[in-house]
Structure formats: structure tokens, C-alpha cells
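In: Generate a structure from the sequence data that follows.
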Amino acid sequence: MENSDDAAKRKLSRRRFIKLAGGSLAAGTAAVALGSAVGLKPSVEKTAAPREAEAKAGSTPSPLIQSTASDTVEGAAEHAFSIFWITDTQFLSESNPALFRMLNNWIVDNWARFNGKLVIHTGDIVQDGPAEEEWYNADDAMSIFLANNIPYTWCAGNHDDFVNGDATSGWIGNQQAKSLQPSVASVIVNSLPYAQWVGDYHEAMNTALSFSANGLDFLVINIEWNAQPDVLQWAAGILDDPAYANHHVIMAPHAYIDANGSLDNPRWIAQLSDFIEEFTALLDAHSSNVFLTLNGHFATECGYNTPQPINNRNQLMFDRQDCADAPGDVIGRGVDNPPPNDTDKVGGVTATVLTFDTLNNKIRARTYDIYTGKWRTYYTEEYAVVMFPNLVPKLKVAAHEGSRQA
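Out: Next up, the predicted model:
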């Protein structure tokens, strides 16, 4: 048990650490048919006020470009809503906490512009699972969402485990970070008219919530690194619950497909083979509901999106933790660079905005790098996929019937 002197030293150490570290698928009748099915058309604010104070706080890498979105990238249309996706912020919690705060403040500032509904963090929140200071830094950043009534989910990555990569070792994230306690996060979620906390499992290393948008109901389940059978049983219990039978499901594990879309990454397959086999079976068993998977973990410059849907689902991967973003380097440097090449540790300050266009049955992905202050336009970072692949035949029939009647 910690005595009062130790507690005082820890608080002082935390303050010193933070101070030093820095503070159209189809037109005509088909579109009308889908549009009428989804119903609501929320209004969207088109502007966002930048937060530049964070850019000046702390000892962050130089040069630090202003964190405003490009004026050439529009927000969400009236019939669209967005999910902000962040992942593998481990180096930010470890070495660049001011950038982590900038990332989340950028989401706050652009929330209305893109008609935000949810933030999803797909794990590796910190670099060293036992390091309390890193959890304090992560909490400072994630608490920004709490302060602005923004709902979010998360899962634990391999670096978040108390013993790195050991899924059975638990974590201290829910002990050290108030923002990662379901009793706290759920209050914000449940206070919103469109969202509901569904549950959590394994010391909140896995979380789930539901939300409604444009007349549709969605379910999001975040799954920890190398989830053991009991975790997948928990997820299956939610998926099989009649209350969510008509929900459209997003599964967000920390690690699933790699940067090439493969399930057999040579570096990790020995550890992940059982999980991948069981998780894929779970997805396939619920193919009528699961339309999207998101995951990080596999460090890459550009991410990945499945060229064609798999069993009615698109599978997206995104993780820029190792990227230095050197000036003039369009794509960035290599993949999975070992030390000392990770010294900049700024790549994770990147958000992917997934905009769900329910009228046109489309998901548009756009990726923004807070460090450079630019949207990334590489084809695996800015792209569009069909939202609900199983609706495509119905839309084609509707369009054909409409043209015949015309």
C-alpha cells in the first residue's frame, strides 16, 4: 500500500513529467429509396475554431504546423455523419503528450463540421503498460472528450498490457486513467439522446456502445489485443442479444488485418493465429450485421482498405505511429522502423475521419495529420467504400425499376 509520502512524490513526479514533456453508389430512384429508409437529416456546422495554444505548449518536435483543417476539404453533407478514428497513440503518451491533446482538441474543433457521433480508439494507448506517467498523459488527452460531451470507445493494445503482449496480464489503464473507467465514460455516453453504453469486459480492456444516426441503429464493439476465448464469448453474447438484432455492427479490434490486408502477418501470426481464427469465425457468423472492421497495430505509412468487401463487410487498417513526417516527404518514411529512427515519435498524432453517407450508401475515409497540419491524400488514406455491401443488389433493382417507369 502506498504511504502519504510516496503519494505526494508520485503527484509531484506526475506534474514534473507533464510540465517537461509538454503539456454515389446509385442515382435517381435508388438514392431516394435508401434516403427515405434512413430518415433523419441532421444539420451540420461547416466551420471549426482552431486551437493553436496547444501548438505552443511544451517541448514538441519542431517545426509544428498549425492544427487547422484544410479549407479544400468539406465537412459532412446533411445526410452524413462521421466517426473519428484514432489509434496507437503510444509514443504520444510516452514522449509527446501535448500532441496527444492537440489531436483530441482537433477532433473537438471539427466535431460539428463533420457531424461527429463517436470517437473510436483501437488500442496501444500508451507505450509501456506499467508506466503510470504515460497513463496520466493519456488521461489528460482522453479527458478532453469527457469535458466536451463526446462519446468514445477504446480497447487495450499489446503495449497497454501490464506485461507487454500478454493478454492475460491485465492492465492498469482503468486504475490510472479516469477517462478509461466505464463508470465515468458511460455517464457521458448515456447523457446523449442518440447513444447508449452497452458494456465492457476484462477490466475495461474491451468496450461497447450503441448509437443511432440518420434513422439507423449501430453497435460498436472494441476488442483487445489477442483476445482470449472468454472475451470473444462476451462479444458474441452482445451480437446474439435480440436487442441488437437490427443494429449495424462495427467491430474494432486492436490487431486483425495487417498493412497488406493479410491475416497471416509473419511477425505476429504465431501469437495471433488462434485469435484471428476465432475472431474471423465470429465475424462470419454475424455477416448479416457486421459491415465494418477497424484495427491498428501494424505500423504503416498509409493504412489499408479491403478492395472488395468480405462477407458483406469492409475491413480497414490504420496506424501511423512510426511516421516522422519529414518536410517534403509525401508518404513518410518506412514501415516499423526500429530505434533510433523512432526518435521523432509524432506519427500517431493522426486521425482518420470516416464519414457515413447514408443517402448514397458510401463511407468516405479522410486522414488528417495534426503534426503537419495537412490532409493526407495517398490512396489508402483518402478513399471511399460501399457502406452496406448487401444493399447494392437492392439498390440496382430499385434504380432499374425507376428507369423502366420513367
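In: tell me the contacts of residue 236?
Out: 282, 285 (CB atoms under 8 Å, 6 or more residues apart in numbering). The way it works is simple: take the backbone N, C-alpha and C, and place the C-beta from them, glycine included.
In: Skipping adjacent residues, who's closest to the residue nearest the centre of the chain in space?
Out: A centroid search over the chain (CA atoms, centre = their mean) returns residue 85, at 2.7 Å, as the residue closest to the centre. Closest residue to residue 85 apart from its sequence neighbours, by CB to CB, 6 or more residues apart in numbering: residue 352 at 4.4 Å.
In: Walk me through which strands the helix or strand that contains the one you found pairs with, and which way each runs.
Out: The secondary structure element spanning residue 352 is strand 350-357 (assigned by DSSP states H and E). Note on strand 350-357: by DSSP bridges, its sheet partners are strand 80-86 (antiparallel), strand 362-369 (antiparallel).
In: Can you say which of these is packed in most?
Out: Each of the strands paired with strand 350-357 was scored by mean neighbour count; the highest is strand 80-86, a mean of 25, by mean count of other CB atoms under 10 Å.
In: Nearest residue to residue 94 in space, please, no chain neighbours.
Out: Take residue 94 and drop its neighbours on the chain: the residue closest to it by CB to CB, 6+ apart is residue 127, 3.9 Å away.
In: burial of the one you found, as a residue count?
Out: Residues contacting residue 127 under the criterion other CB atoms under 10 Å number 21.
In: Could you give the secondary structure assignment for it?
Out: Secondary structure, DSSP: H, G, I helix; E, B strand; the rest coil: residue 127 is coil.
In: Surely residue 294 and residue 123 touch.
Out: No - proximity of residue 294 to residue 123 does not meet the contact threshold set by CB atoms under 8 Å, at 10.6 Å.
In: Comparing these two, which residue is more hemmed in?
Out: Applying other CB under 10 Å to residue 294 and residue 123 shows that residue 123 carries more neighbours, namely 28 against 24.
In: helix, strand or coil for that one?
Out: When states are read from three-state DSSP, the local structure at residue 123 comes out as coil.
In: Just the mean pLDDT for stretch 140-156, thanks.
Out: Across stretch 140-156, the average pLDDT comes to 98.
In: now that stretch: how far from the chain's centre is it?
Out: 12 Å (CA atoms, centre = their mean, to the nearest Å).
In: Low-confidence stretches in the stretch 201-350 of the chain?
Out: For the stretch 201-350 of the chain, the stretches with pLDDT under 70 are 324-343.
In: can you give me the strands for it?
Out: Here the stretch 201-350 of the chain has its strands, by DSSP state E, counting those that start in this stretch, at 206-213, 216-223, 248-253, 290-295, 304-305, 314-317, 350-357.
In: coming back round to it: for the residue nearest to residue 85, list each beta-bridge partner.
Out: On DSSP bridges, the residues paired with residue 352 through beta bridges are residue 85, residue 367.
In: Per-residue confidence at it, what does it come out as?
Out: 97.
In: who's in contact with it?
Out: Shown here is residue 352, whose contacts under the criterion CB under 8 Å, 6+ apart are 84-86, 303, 318, 365-368, 381.
In: quick revisit: tabulate the strands paired with strand 350-357 (TSV), appending distance to residue 171 and mean pLDDT.
Out: TSV is the format used below for the strands paired with strand 350-357 (distance: least, CB to CB, whole Å; pLDDT from 0 to 100):
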stretch	distance to residue 171	mean pLDDT
strand 80-86	18	98
strand 362-369	28	95
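In: So the residue nearest to residue 94 versus residue 182, what's the distance?
Out: For residue 127, the distance to residue 182 (CB to CB, to the nearest Å) stands at 23 Å.
In: got it, and residue 203?
Out: As for residue 203, its distance to residue 182 is 10 Å (criterion: CB to CB).
In: if I look at these two, which residues touch both of them?
Out: Common neighbours of residue 203 and residue 182 (CB under 8 Å, 6+ apart) are residue 174.
In: can you tell me which helix or strand residue 380 belongs to?
Out: Once you assign secondary structure using DSSP H and E, residue 380 falls outside every helix and strand.
In: And for it, the neighbour number?
Out: Neighbour count of residue 380, defined by other CB under 10 Å: 19.
In: Does it touch residue 303 like I think?
Out: Yes - taking contact to mean CB under 8 Å, the distance of 4.8 Å between residue 380 and residue 303 places them in contact.
In: between the helix or strand hosting residue 102 and strand 362-369, what angle do the directions make?
Out: In this assignment (DSSP H and E), residue 102 forms part of helix 97-110. Going by axes from the mean of the first three to the mean of the last three CA atoms, to 10 degrees, helix 97-110 is angled at 140 degrees with respect to strand 362-369.
In: what's the burial count for residue 215?
Out: Under the neighbour criterion other CB under 10 Å, residue 215 is assigned a count of 13.
In: what does residue 306 give?
Out: Residue crowding around residue 306 was assessed by other CB under 10 Å; the count is 16.
In: Now it. Nearest residue, chain neighbours left out?
Out: The shortest distance from residue 306 to any residue that is not its chain neighbour, by CB to CB, 6+ apart, is 4.4 Å, and that residue is residue 315.
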